[in-house]
Each structure stands twice: as C-alpha cells, then as structure tokens.
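J.: Give me the fold of what follows.
(one chain, ligands or ions: 1)
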Amino acid sequence: MTDLSRRNFLGAGGLALAGASMISGRVQAAGLPEAPTMTEATMQPPLHPQSGPDYQPVVTLNGWTLPWRQNGDWKEFHLVAEPVVREMAPGMKAHLWGYNGQSPGPTIEAVEGDKVRIFVTNRLPENTAVHWHGQLLPNGMDGVGGLTQPHILPGKTFVYEFILRKSGTFMYHPHSDEMVQMAMGMMGFFVVHPRDPAERRVDRDFVFLLNAFDIEAIIYCLTAGSSIVPI
Ligand SMILES: [Cu+2]
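T.: Just a heads-up that it's a prediction; the model follows:
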C-alpha cells in the first residue's frame, strides 16, 4: 500500500513538479495528459483511432468519447471527477456529479491487449475512486477505495495502469461513497474492441446509458409584483 500510494498519487497543482517524488519516473517524464472537457450534452461524432490497432468506434448517444494520447506502449487517458450541471429538459438544470464536464462521463475506448494508463483527478468535495467494472486486472487497480487502494482525496490524482485482457462493453463508476456518487450520475462506458477487427465486425455501433434521477421540483408562482417566489 505504501508503495502504491507513493507511486500513484500526484498533487493537484503543479503536477509535474509537485508530484515528482511520488510517481514513477516514466510518468514523471511524460507529465499529465490533458484532461479534455465537454461543454455540450449533445451527441458527439465517434472518435476514430489515430494510433494503435484500427476499430469501428462507437457512437455514445447523448455523449462523447474521451480522447487519449499514445505514450510509448501506453494509451493515456485523463478523467476528472467533478460536479457538473446538465440541462435535462429546456430550463430544467440538474446539479449532478460526473466526469470531464458531463454526466454520464465520456466513453473510454481501446482495444483488447492495449496497455492503458488512466489518470483520475478528484475535483469533488469528497473522496472518490474508480472501479473498472468487469475488467480483468490486478487487484490494486480495481478501484475500491479503502480496500484495494487509498481513496483519492479531493484535489489529488491517482494513476491506474492495466492491460485490457478481454473485449466487451464495460462501464466505470466509483467505489468510494458509491451509492451517493452513482446516484449523482458518476458512471461511463468502457468499450474494449476485439484485437482482430474482423471479429464480430459491425457497421455501426451505439452505446447509451440509462439513468434515473429523483429531482426535487421547485414550483414557482408569479405574484402581482412580478417577483418569483417558491411555493
Ligand atoms: Cu461495478
């Protein structure tokens, strides 16, 4: 655990410098990958791979795919857990928690056999951790805060590294105050394409997450003086 925390935790500000003694030389040399953010809740075009094996990318309905960078053998992603505001219907804004500007979070896409390094920065007001649901990986990368790793404290970044052992459609979500955090909207897809692009080749591939929220309605009435008061 000591080694894990030393190797995988970074500070939030001035990461490359502040975190230098806490992370591996390889990560230190590379610095943190950019954390793309999405301001639109509308469906974004699929992201065709610019490096590595080819595949038919998925379209995430009402969502988007997280860009990555290739760093040697590794595909590097950067997730940011944070509060987000999503307009569910015209004028109805929900205060959710999500990743990289949206809830649900962006779809992570890669290929069976890929080495992935996923930086997770916590901008929530409480601890978090990310569990890679259904993936076969080393126990220390399984993302159960307080059990298989220390919780990621607010302002900190944790680095997950593992090899994608099987193809399939998976999801990621927190395992740190998970009942609250999942209810707040923290989840996203993790699509692993078969290594052989001819295997179960499809022409078009879609994923969509269904989620239900109980949102307290505030009903307003317009008074004669045109001020708005909740009733
Ligand atoms: Cu799960």
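J.: Tell me who's in contact with residue 33.
T.: With contacts taken as CB atoms under 8 Å, 6 or more residues apart in numbering, residue 33 has the following neighbours: 68-69, 71, 76-78, 119. For every residue, glycine as well, the C-beta is placed using N, CA and C.
J.: of the residues you listed, buried ones?
T.: 68, 71, 76-78, 119 (16 or more other CB atoms under 10 Å).
J.: would TSV of the contacts of residue 33 with distance to residue 146 be doable?
T.: Compiled in TSV, the contacts of residue 33 are given as follows (distance: CB to CB, whole Å):
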residue	distance to residue 146
68	28
69	31
71	30
76	26
77	24
78	23
119	20
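J.: Please flag which of the residues you listed sit within strands.
T.: For the contacts of residue 33, membership in strands holds for 69, 71, 76-78, 119, with DSSP state E as the criterion.
J.: Which single one of these is nearest to residue 199?
T.: Nearest to residue 199 among the ones in strands among the contacts of residue 33, counting by CB to CB, is residue 77 at 23.6 Å.
J.: Looking at strand pairing, list the partners for the spatially most central residue of the chain.
T.: To find the centre residue of the chain, average its C-alpha atoms and take the closest one (CA atoms, centre = their mean): that gives residue 79, at 4.4 Å. Beta-bridge pairing of residue 79, defined through DSSP bridges, involves residue 120.
J.: Pretty sure it sits against residue 128.
T.: No - taking contacts as CB atoms under 8 Å, residue 79 lies outside contact range of residue 128: 10.0 Å.
J.: overlap in contacts of these two?
T.: Residues touching both residue 79 and residue 128 (CB under 8 Å, 6+ apart) are residue 120.
J.: Relative to residue 218, how far out is residue 66?
T.: Between residue 66 and residue 218 the computed distance is 34 Å (CB to CB, to the nearest Å).
J.: more neighbours, those two?
T.: Neighbour totals were compared for residue 66 and residue 218, and residue 66 leads with 23 against 7 (other CB atoms under 10 Å).
J.: residues contacting the more buried one?
T.: With contact taken as CB under 8 Å, 6+ apart, residue 66 is in contact with 36, 77, 79, 100, 105-109.
J.: same deal with residue 124?
T.: Remark: with contacts taken as CB under 8 Å, 6+ apart, residue 124 is in contact with 81-83, 97, 154, 181.
J.: can you rerun that using 7 Å?
T.: Contacts for residue 124 were tallied using CB atoms under 7 Å, 6 or more residues apart in numbering; they are 81-83, 97, 154.
J.: Can you flag which of those belong to helices?
T.: With helices taken from DSSP state H, there is no overlap with the contacts of residue 124.
J.: tell me which element residue 85 is part of?
T.: Assignment of secondary structure by DSSP states H and E places residue 85 within strand 74-89.
J.: so what does that strand touch, helix or strand wise?
T.: For strand 74-89, the packing partners by 3 or more CB pairs under 7 Å, 6 or more residues apart in numbering; DSSP states H and E come out as strand 92-99, strand 115-122.
J.: related to what we said a few turns ago, my read: the residue nearest to the centre of the chain touches residue 100, true?
T.: Yes - between residue 79 and residue 100 there is a contact under CB atoms under 7 Å: 6.4 Å.
J.: Can you classify residue 140 by secondary structure?
T.: Using DSSP: H, G, I helix; E, B strand; the rest coil as the criterion, the local structure at residue 140 reads helix.
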